[in-house]
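A.B. asks: this one's sequence-less:
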């Protein structure tokens, strides 16, 4: 299959079946290497880039967007070649500015959405965001306010599509229904954790996305390292990460069976985990977060891996999901 391009749910835009996650840029990956990764991603056919205004973490929140912005500024071709996604909800650093509760808090107020959008546009050195995502749900903010703020940005041409992240199924339904009732654009996508070791979104989130014609963008496709050769990493201590070692011990039986299956396929466990996601209904593009160009190239190999029905059945046996969709997963 390789790198192909898919619709984002039932929307017209075409995005690569792998999304370049930039969460490591600036604090685990230098700016120079980050630019190399983005260059190589384009060469490989990846046109879907995901970031967030909060990325940069311990260096400075907002750093990652700035790194991407300087890459965009290198060539007009860069901005024209990518579908650029970022997020709003979390605090962003503003060096030298006094404390401000909207900027420093976590919410989806109209004030924050407008302010943070302007900040992202400035850092990214672009005049529009292709997919502007709510990084988390804010159930205390009225939908009138949040959706109205996003709708204004769409009308102004600063945002093309609006998406969500870390929403429950009923949050997705509520947002889409409220948007439709007001004649606004419904959510284009949901981004949430999904991998072989964590399949909870199969209960209600994926069915909601399918019903509303949304794309689904899984993050943490390797289960925080559990699905990428965890036994060897745990044996080596993974840089003293005791919580990871404990998690491996807790699921050692499943991980051992999984890695044995991967050896039988002659494939790297990380490739199998990504290839499995590419077979899942509703999934548009798993997010990969390479720290190096070589990691990027290795992850892209998963798009060439074809898992037959027997392998998929075995993966279900090792890593069973919640039993299907709600309510049949737990009721008649």
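C.D. replies: Ah, there it is. None of the values given here were measured: they were computed from a predicted structure. Residues are numbered from 1 along each chain as shown.

A.B. asks: tell me which helix or strand of the chain sits lowest on mean pLDDT?
C.D. replies: Across the helices and strands of the chain, mean confidence by mean pLDDT, DSSP states H and E is lowest for helix 101-104: a mean of 78.

A.B. asks: For that one, buried residues please.
C.D. replies: residue 103 (16 or more other Cβ atoms under 10 Å). Every C-beta, even on glycine, is put in place using the N, C-alpha and C of the backbone.

A.B. asks: Likewise for stretch 115-129?
C.D. replies: Residues of stretch 115-129 classed as buried by neighbour count (16+ other Cβ under 10 Å): 115, 116, 117, 119, 120, 121, 123, 124, 125, 126, 128, 129.

A.B. asks: hmm, which two among the residues you listed are most spread apart?
C.D. replies: Maximum pairwise distance among those (Cβ to Cβ): 17.9 Å, between 115 and 125.

A.B. asks: List phi and psi for the closest residue to residue 127 other than its chain neighbours.
C.D. replies: In space, and not counting its chain neighbours, residue 127 is closest to residue 121: 6.6 Å by Cβ to Cβ, 6 or more residues apart in numbering. In terms of degrees, to the nearest 10, the main-chain angles of residue 121 are phi -60, psi -40.

A.B. asks: Now do the strands in the stretch 201-332 of the chain.
C.D. replies: With DSSP state E, counting those that start in this stretch as the criterion, the stretch 201-332 of the chain has strands at 215-219, 287-288.

A.B. asks: deepest of those, which one?
C.D. replies: strand 215-219 (a mean of 24; mean count of other Cβ atoms under 10 Å).

A.B. asks: Output the contacting helices and strands for that one.
C.D. replies: With contacts taken as 3 or more Cβ pairs under 8 Å, 6 or more residues apart in numbering; DSSP states H and E, strand 215-219 sits against strand 189-193, helix 205-211, strand 287-288.

A.B. asks: Give me the residues contacting the second one.
C.D. replies: With Cβ atoms under 8 Å, 6 or more residues apart in numbering as the contact definition, helix 205-211 has outside contacts at 9, 167-170, 172-173, 189-190, 192, 214-216, 280-282, 325-326.

A.B. asks: Now which of these would you call buried?
C.D. replies: Among the contacts of helix 205-211, those classed as buried by 16+ other Cβ under 10 Å are 9, 167-169, 172-173, 189-190, 192, 214-216, 280, 282, 325.

A.B. asks: residue ranges with poor pLDDT in the stretch 101-250 of the chain?
C.D. replies: 237-240 (pLDDT under 70).

A.B. asks: ok, 80 please
C.D. replies: 102-104, 236-240 (pLDDT under 80).

A.B. asks: need the helices for it, in chain order.
C.D. replies: For the stretch 101-250 of the chain, the helices defined by DSSP state H, counting those that start in this stretch occupy 101-104, 110-124, 143-155, 169-181, 205-211, 230-235, 242-250.

A.B. asks: if you compare those, which one is most tucked away?
C.D. replies: Among the helices of the stretch 101-250 of the chain, highest average neighbours (mean count of other Cβ under 10 Å) belong to helix 205-211, with a mean of 22.

A.B. asks: Now do the contacts for residue 45.
C.D. replies: Going by Cβ under 8 Å, 6+ apart, the list of residues near residue 45 reads 2, 3, 5, 16.

A.B. asks: Check the gap between the closest residue to the third one other than its chain neighbours and residue 132 for me.
C.D. replies: Distances taken as Cβ to Cβ, 6+ apart put residue 14 closest to residue 5, at 4.3 Å, once the chain neighbours are dropped. Residue 14 sits 18 Å away from residue 132, going by Cβ to Cβ, to the nearest Å.

A.B. asks: Repeat that for residue 8.
C.D. replies: As judged by Cβ to Cβ, residue 8 and residue 132 stand 13 Å apart.

A.B. asks: okay, which residue is most central for this structure?
C.D. replies: The residue lying closest to the centre of the chain (Cα atoms, centre = their mean) is residue 219, at 4.1 Å.

A.B. asks: so what's the nearest residue to that one once chain neighbours are set aside up against?
C.D. replies: Spatially, and ignoring its direct neighbours in sequence, residue 219 is nearest to residue 287 (4.6 Å; Cβ to Cβ, 6+ apart). Contacts were defined as Cβ under 8 Å, 6+ apart; by that measure residue 287 touches 19, 20, 21, 50, 191, 217, 218, 219, 221.

A.B. asks: And the pLDDT at residue 287?
C.D. replies: For residue 287, the pLDDT comes out at 98.

A.B. asks: Test of understanding: give the bridge partners of it.
C.D. replies: residue 19 (DSSP bridges).

A.B. asks: sorry, back to before: was I right about the residue nearest to residue 5 contacting residue 7?
C.D. replies: Yes - assessed by Cβ atoms under 8 Å, residue 14 is found in contact with residue 7 at 6.4 Å.
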